[in-house]
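1. got a sequence here, can you model it:
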Amino acid sequence: MWNPKARRIPYGIQGFEMLRRDNCYYVDKTRFIQEIEYANKYFFLVRPRRFGKTLTMTMLETYYDINKKEKFVDIF
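-> Now for the predicted structure:
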């Protein structure tokens, strides 16, 4: 039987905020934000297809978006 409160696998979801709002499974990478900030001049993210590059970028976009400051605690 399907449980509406059960977490689902975020297949095809590329937006971080939508992923968090819909209670999907997610490997939390927010602890790496500080490392990214202190990285060299350029940050080069190399991963194969379907390994979360776009999701990581939308996570950073959501983290730094001043327009989402009211939702920050709910999202993160």
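
2. geometric centre of the protein: which residue is closest?
-> residue 59 (3.5 Å; Cα atoms, centre = their mean).

3. which residues in this structure form helices?
-> Listed from the start of the chain, the chain has helices (DSSP state H) covering 16-21, 33-37, 53-64, 72-75.

4. could you redo those helices as TSV and give each row distance to residue 9?
-> Any C-beta I mention is one placed from the backbone N, CA and C, and that applies to glycine too. Converted to TSV, these look like this (distance: least, Cβ to Cβ, whole Å):
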stretch	distance to residue 9
helix 16-21	11
helix 33-37	24
helix 53-64	13
helix 72-75	20
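
5. for residue 15, give its distance to residue 37.
-> 22 Å (Cβ to Cβ, to the nearest Å).

6. and residue 50, by the same measure?
-> Taking Cβ to Cβ, one finds residue 50 at 26 Å from residue 37.

7. so where's the chain shaky on pLDDT?
-> 1-2, 4 (pLDDT under 70).
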